[in-house]
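Visitor: kindly return the folded structure for what I paste below:
(2 chains)
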Amino acid sequence: MKLWVQKYQPKNLNEVIGQSSAVTTAYTFWKLFNRAPKKALLLYGPPGCGKTSLVYALANQANLEIVEINASDFRNKEHVKQILDPATKQASIFGASKIILIDEVDGMSGQKDRGGVGAVVDVIKETKFPIFITANDPWSDKFKTLRNHCQSIAMNKLSSQMVIEQLTRICKSEDVVFDEIAVRKLAATVDGDLRAAINDLQSLGADGNISDEDLYLWDRERDEVITDAMRFIFKSFDSKKALAVSYDIKEDINSLNLWLEQSIPWEYDIKSIPAAIESVSMSDVFLKRIRRRQHWRFLNYARVLSVVGVQQAKKESNRDVVMYKKPKLIIRLWQRAAKKKKAQGIAAQLEGKLHCSAHVLQRDFLPYLNFIEQHNKRMYNKITTSLGI
Amino acid sequence: MALEIWTEKYRPKTLDQVRGQDAVSSRLKAFVKSKNMPHLLFAGPAGVGKTSAAVALAKDLFGDNWSTAVLELNASDERGIDVVRNKIKDFARSRAIQDVPFKIIYLDEADSLTKDAQHALRRTMEDYAQSTRFILSCNYSSKIIPPIQSRCAIFRFKPLPKDIMIKILTEVSEREGLMMTAGALSFLYEASEGDCRKAENLLQACSAIAQEIDTKIVEQVVSFAEPKEVASVIEKALAGKFLDAKERLFDVMIKHGLSGMDVIAQIQKQIWNIDSLDEKIRLELIKICGDYEFRLVEGSNEFIQLEAMIAQFAQFAKGSWKLLPDISLLHRRKEEKDDDRSD
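Guide: Have a look, this model is predicted:
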């Protein structure tokens, strides 16, 4: 199952929205690369405005191979050289059929990626192929030399109208029933970040519809209040105050738990983690009891467990600043559900033929079928044909 | 078209071919002879021949067109008893194509029905008893309500003995032109825990790589089908690397689409493979599993609960424990040595 951000990535430059001048610049830079005074193009702009997508769209349209280094790679001097050196020297048989993408260059961090930026500059000096570099904010001093070696083009924040159009298009293509106002609100909260908008859309639309109510929980602007609450929980010991703040957040305790779950390992050391997560776990149990028994008073316990339980689990507070990030767990739950659904679909087709239930098939048959698929395509085809799948 | 799945290809076609359940099959043959039978309850572990016995019984009773007189249902997969009831009603009311004294409804995994559903089923069994016989299959007969039990003749299926499993696997591999080493056969048996369906599926997967199968190949398939990443989750937790353990845990759940219950079951199994673990701590870990399994049963968020569980594990971190290879591998090594000696 593809993430929608991948599925709806622009396939060619025409599909890149709202960046006409950057598109023209990038295309010209690539087309006239041999005559270009600078051998790298720096695309900079806010998150989710289409920097990486633009490069991929170009590559896809012109059928180019991309050699990429991004934030998930180590980017110290040796690694950058190791990955990019061959790419800069080997001339491809078919001319300029290769481009180099250095994604999120401003994410190169001091310690781990030591010498990385310098290595990039070296590569630019020698390259035989066009280099594209993306960045949110290239204005720090350490990129000064790099900037001098690049042609730069700014990319604009997308307007909320553009975001709305894209979201609407995706909803239609994914058969998601949507409330127009909800989509409008979603677009307003992401502040021009289309990637964030599409990711939110996928999480919210996993059940096939998006209502105004869904959005209430997701409002990105609310992050400020919840991160305040988190700060009280993690950094202070004042339980009453933390509880008071917890009433201000728009998220319910369920969402608060997801936020806490994600941040606990970053805030606390191994001595405090078990007790903290234990509190979240018990809070979660109470939340489910509410649903089961419709006894809403349990909510008090859930809240205290989440807020005070996590707060008091620590011996002393961590002085480092921790960035509280939106919970990844929601998208993870969704990914797992998609995976399960696929397996269930196959199993359901087979249960009559193989005389056992779908869940037995999933457990005792599909893993072996997968194995056969990976190791012996012919046998796999023979089996699946005989099964009619 | 003949199915290329060995569990089907080599499924017994008559009661005579059902193996390892002599007490059961001789009584079933008596039903065939008298052309009559009561409702039946088949109880026993997975993959020992319950469905096979039911299918063979039907074939012996009804001949080639047996399938028109048999309705096969999965209690666990059908949504609610209403679906089951409607299907049963439709089937019981319709006339069989051929002239048979009764039709058979085979209800697999009947123990997954709720108490209420079972009571409803009991009525249905009575209402259609004239034209229809039920064969209920379950792992534990104790999960079937007494009124249903009292309406059925109960058949207890035993785990297949090792020699019979080995014989079955040997025959299958001979007919498929495979060469198996004695060690591989034995390991196959250990790894499938006496479950013949699993063993045959495993064997078929082995044949995807080679015609000559040794223990290494079996091991390769086993470790593919039963991801060992879970083991590394425990290893990391017990080494105090909580964040690593957590990320690994979530990845495994997503990659393999595992439910919380799947994971807990595997973790529990792996706890027994931790080398040099203080027995008291081992007991603690198992108790912790029980605690969190209870919370899962209550319906809480699986990710959060499992994460809390491994955080509890991490409290026992002290030095580092090494996980032994799977227990079944140990058995195998021992037996391989025995093989060597006998050679």
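
Visitor: so where do the strands sit in the stretch 101-250 of chain A?
Guide: With strands called from DSSP state E, counting those that start in this stretch, the stretch 101-250 of chain A shows them at A:131-135, A:150-154, A:177-178, A:209-210.

Visitor: deepest-packed of the ones you listed, please.
Guide: strand A:131-135 (a mean of 26; mean count of other CB atoms under 10 Å in any protein chain shown). Just so you know, the C-beta spots here come from the backbone N, C-alpha and C atoms, and that holds for glycine as well.

Visitor: please compute how far that strand lies from its chain's middle.
Guide: Relative to its chain's centre, strand A:131-135 lies at 19 Å (CA atoms, centre = their mean, to the nearest Å).

Visitor: just checking, what packs against that strand?
Guide: The contact analysis (3 or more CB pairs under 8 Å, 6 or more residues apart in numbering or on different chains; DSSP states H and E) places strand A:131-135 against strand A:40-44, helix A:51-62, strand A:98-102, helix A:116-126.

Visitor: partner strands of it, with direction?
Guide: Partners of strand A:131-135 in the sheet, by DSSP bridges, are strand A:40-44 (parallel), strand A:98-102 (parallel).

Visitor: may I have the secondary structure class of the closest residue to A:D193 other than its chain neighbours?
Guide: Of all residues not flanking A:D193 in the chain, A:G48 sits nearest, at 3.2 Å (CB to CB, 6 or more residues apart in numbering or on different chains). Three-state assignment for A:G48 (DSSP: H, G, I helix; E, B strand; the rest coil): coil.

Visitor: looking at chain A, which helix or strand is least sure?
Guide: Within chain A, no helix or strand scores below helix A:212-216, which has a mean of 65 by mean pLDDT, DSSP states H and E.

Visitor: hmm, who's touching stretch B:214-221?
Guide: For stretch B:214-221, the surrounding residues in contact (CB atoms under 8 Å, 6 or more residues apart in numbering or on different chains) are A:368, A:371, B:181, B:183-184, B:187-188, B:191, B:202, B:205-206, B:209-210, B:329, B:332, B:336.

Visitor: where do the helices sit along the stretch 51-200 of chain A?
Guide: Taking DSSP state H, counting those that start in this stretch, the helices of the stretch 51-200 of chain A run over residues A:51-62, A:77-89, A:116-126, A:144-148, A:160-173, A:180-189, A:194-204.

Visitor: how many residues are close by residue 107?
Guide: In the absence of a named chain, chain A is used. Here the count is done by other CB atoms under 10 Å in any protein chain shown, and A:G107 has 14 residues near it.

Visitor: oops, I was thinking of chain B
Guide: Around B:L107 there are 23 other residues, counting by other CB under 10 Å.

Visitor: so is the helix or strand hosting it next to chain A?
Guide: Take DSSP states H and E as the rule and B:L107 turns out to sit in strand B:103-108. Yes: using CB under 8 Å from any CB of the partner chain, strand B:103-108 reaches chain A at B:D108.

Visitor: out of the contacts of stretch B:214-221, which are buried?
Guide: Among those, those buried by neighbour count (16 or more other CB atoms under 10 Å in any protein chain shown) are A:368, A:371, B:181, B:183-184, B:187-188, B:191, B:202, B:205-206, B:209, B:329, B:332, B:336.

Visitor: and stretch A:137-144, how far out from the chain's middle?
Guide: Centroid separation for stretch A:137-144 versus its chain: 25 Å, with CA atoms, centre = their mean.
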